[in-house]
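>>> next input, structure requested:
(one chain, ligands or ions: 1)
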Amino acid sequence: MQIHPNELADRYAWLQRELARLEHAYYVLDDPLLPDNEYDRLYRELLAIESIHPEWVGPDSLSQRVGGAPLREFDSVRHSVPMLSLNNAFEISDIEGFDRRCREGLHLDLVEYSGELKFDGLAVSLRYENGILVRAATRGDGVNGEDVTENVRTIRSIPLRLAGNKIPSIIEVRGEVFMYLKDFLSMNEKAVALGEKEFANPRNAAAGSLRQLDSKITAKRPLSFFAYGLGEVEPQSWIPQTHNELLDVFSTFGLPVCSERRILNSISEMMEFYEAVGEKRASLPYDIDGVVYKVNSLAEQNRLGFVSRAPRFALAHKYPAQEALTRIVGIDVQVGRTGAITPVARLAPVDVGGVTVTNATLHNEDEVLRKDVRIGDTVIVRRAGDVIPEVVSVVLDRRQGNEVKFVMPLRCPICDSHIERLDGEAIARCSGGLFCGAQRKQALLHFAHRRALDIEGLGEKIVEQLVDSNLVRTPADLYQLKASDLENLDRMGKKSADNLLKSINHSLNTTLERFIFALGIRHVGETTAKDLASHYGSIQLLMNAPLEGLLIVHDVGPIVANSICSFMSESHNRVVIEKLLASGMRLNVDEGKINPVVSGKTFVLTGVFPTMTRDEARDLLEKAGAKVAGAVSKNTDYLVAGVDAGSKLAKARELNIEVIDESTMLKLVLN
Ligand code: IVH
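Okay, here's the model as predicted:
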């Protein structure tokens, strides 16, 4: 069927609107309207149309959210309306002074204020012309900022085109780019897993991410935004009466606006708001460092104007700094779930914003050297939200000369394995893998994973209990478990205990490649495990392989080879492997028999099969040389349909693709 160009243009416009609506629901309202795969389907359709009609791609196309070519430097942008900073207040007398100056300046007995949060990120100005985002700039010195348009386009909660109808021809929306704490923590966790640098706090992470010259990197960073102010507007007649209405209108434009705001009519209401937000502060999902009071009427704001760099109509009421001075009494290292070693400062106990702090993270070895932190130093520690307190800097004036430098230990404090730090990585790691107490739960979950030894029923809750009750220390202990051990666990009846024992027992019959993958050797994923299995054909040969030998294996480079050698050189890892073999583990080696009937054919699997899981069917097909795809297309040769096959079956019928059941598939593969 040919689509008429006009229909295609209409479809394209509809896709842009629909995708924008879905993004707004997901990223601004936190209320997804469709499952991710449906969104992806529409998005791919958009890309397909754009590949036929590149001339249709505008700056507001949602395909522009992925970032563009890296820049050499940011262009400078002059703010036509300067971006001001706020005066700070700490005491009630500062608030009284502010209110008095506002009342006197406006010749009023009472002034209405709008109270909102002071977000701890960085200010940006978004310029929309005829509703389309044309430029985004940082505050800079308030008059000249940096052009970060490409980067800002990647922030999903910022609309590329404003929604609604009464949109002014020019509007600059001012607000804060920041990072939610949960996004910050998971981003750092990923960085650690990849051996990359961690950010010290969400503010630095937001600033570092926004000021990336490569917008493709920014696109991967979980940045968020709240709108809170106005720059240039054309026509001026558009401007609403009050700040509060302005924020409501922003919201109707599809811009994210924080809902924590209140109209305040007196000093006591301002203080109440400050106290109430202060109590909530630790449980807010982002960092704030105060509240902001703004004269609510925009006309009154104008009349008050500003002195030097700060408006007379607004004031930041800050919370006491979450920082304090204390002494470092020692530096230990902690071992994380993935074996990452983090130096931790033990502190003389100190109150930081109402919480007693005795430990602070020093992130990694380079960070300790960069900040030149030594045992005995007086340091500034900072606490922010739920994030672990950190050592900000050393007070060098207080240094006596007898402070002791930190030395990274050679062995893991938990399991005594070697600590190693690979070239080019910031993070040192314990090489104890299967054996290290800190890594035990993670190692067991990996061992039992569907694509590793596939022990059904051995999930997080069970692993937690098995490790905490000391029943299981290494994967080898799993094979010594008895029904009576399991029945005592929480929420574990006789039947589920039996089932778990059965699947543990079942896992004894496995393949060499799954076994190698299950060991959880760093840098050895499924593909490398496969290559190692077909190269060595036995676990003993792999255990004794010299470095030079490993380097000959397909796709194994020095990093992987070193990682395997150091794993195998730890005697406790070898003991675990020996014990596993002694439990009766059978490591089958697949010859990878290519079957000419299915080799090169593309299968799609759907529904529930009578005798095997879809993963098992996929393995079987792949080993026979077939390809297994996720979606039905005209390139599909067979759809294998089980019970409850849904849309894929309908699609296959529509495209006239041969539909077979599990037993027919088995006949084809095993013929
Ligand atoms: S209004 C006209 N509102 O604080 C006043 N600023 O010291 C312009 N900030 O650079 C700022 N939350 O990065 C305003 N609700 C808020 C804010 C806020 C955080 C930051 C902003 C600005 C700095 C001013």
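>>> stretch 562-569: how far from the chain's middle?
Chain-centre distance of stretch 562-569: 30 Å, with CA atoms, centre = their mean, to the nearest Å.
>>> pull out the buried positions in that stretch.
562-564, 566-568 (16 or more other CB atoms under 10 Å). Glycine gets a C-beta too; all of them are placed from N, C-alpha and C.
>>> could you list which of the residues you listed belong to helices?
Among the buried residues of stretch 562-569, DSSP state H puts 562-564, 566-568 in helices.
>>> in terms of distance to the ligand, which of those residues ranks first?
residue 563 (44.1 Å; CB to the nearest ligand atom).
>>> check contacts around that closest one.
Contact analysis of residue 563 by CB atoms under 8 Å, 6 or more residues apart in numbering lists 422, 521-524.
>>> of these, just the buried ones, ChimeraX syntax please.
What follows is the ChimeraX syntax for the buried subset of these, where burial is set by 16+ other CB under 10 Å:
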select :422,521,522,524
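>>> a strand runs through residue 605, doesn't it?
Yes. Per DSSP: H, G, I helix; E, B strand; the rest coil, residue 605 lies within a strand segment.
>>> including secondary structure, distance to residue 494 and pLDDT, could the contacts of residue 563 go into CSV?
Shown next, in CSV, are these (DSSP: H, G, I helix; E, B strand; the rest coil; distance: CB to CB, whole Å; pLDDT from 0 to 100):
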residue, secondary structure, distance to residue 494, pLDDT
422, coil, 47, 80
521, coil, 37, 90
522, coil, 39, 85
523, coil, 41, 85
524, coil, 38, 90
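>>> related to what we said a few turns ago, quick check, nearest of the ones in helices among the buried residues of stretch 562-569 to residue 114?
residue 563 (56.7 Å; CB to CB).
>>> quick check: which element contains residue 20?
Assigned by DSSP states H and E, residue 20 belongs to helix 5-23.
>>> can you give me the buried ones in that helix?
12, 15-16, 18-20, 22-23.
>>> for those, which one is nearest residue 383?
residue 23 (34.1 Å).
>>> residues touching that closest one, list them.
Residue 23 makes contacts with 62, 156-157, as judged by CB under 8 Å, 6+ apart.
>>> tell me the spacing between it and residue 124.
Distance of residue 23 to residue 124, given as CB to CB, to the nearest Å: 19 Å.
>>> what does residue 350 give?
Here the criterion is CB to CB. By it, residue 350 lies 35 Å from residue 124.
>>> and the two? Which one has more around it.
Per other CB atoms under 10 Å, whichever of residue 350 and residue 124 has more neighbours is residue 124, with 25 against 18.
>>> isn't there a helix covering that one?
No. Counting by three-state DSSP, residue 124 is not found in a helix; it is strand.
>>> next one: phi and psi at the residue sitting furthest away from the middle of the chain?
In the chain, residue 107 marks the outermost C-alpha relative to the chain mean, sitting 51.1 Å out by CA atoms, centre = their mean. Torsion angles at residue 107 (phi, psi; degrees, to the nearest 10) stand at phi 50, psi 50.
>>> kindly report the residues of the stretch 1-150 of the chain close to the ligand.
Contact residues (CB under 6 Å from any ligand atom) of the stretch 1-150 of the chain with the ligand: 84-86, 116-119, 122-123, 139.
>>> SS state for the residue in the stretch 551-671 of the chain positioned nearest to the ligand?
When scored by CB to the nearest ligand atom, the stretch 551-671 of the chain has residue 559 as its residue closest to the ligand, at 41.8 Å. Put simply, residue 559 is helix when judged by three-state DSSP.
>>> okay, the contacts of residue 23 in a markdown table with distance to residue 144, secondary structure and neighbour count next?
Shown next, in a markdown table, are these (distance: CB to CB, whole Å; DSSP: H, G, I helix; E, B strand; the rest coil; neighbours: other CB atoms under 10 Å):
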| residue | distance to residue 144 | secondary structure | neighbour count |
| --- | --- | --- | --- |
| 62 | 30 | helix | 21 |
| 156 | 28 | coil | 19 |
| 157 | 26 | coil | 18 |
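>>> what about whichever residue of the stretch 501-650 of the chain sits closest to the ligand, distance to residue 556?
Evaluated by CB to the nearest ligand atom, the stretch 501-650 of the chain has residue 522 as its residue closest to the ligand, separated by 40.9 Å. Distance check for residue 522 against residue 556: by CB to CB, it reads 13 Å.
>>> what's the answer for residue 76, then?
49 Å.
>>> who's more crowded, these two?
residue 556 (20 against 11).
>>> what is the burial count for the closest residue to that one other than its chain neighbours?
In space, and not counting its chain neighbours, residue 556 is closest to residue 550: 5.5 Å by CB to CB, 6 or more residues apart in numbering. Residue 550: 22 surrounding residues under other CB under 10 Å.
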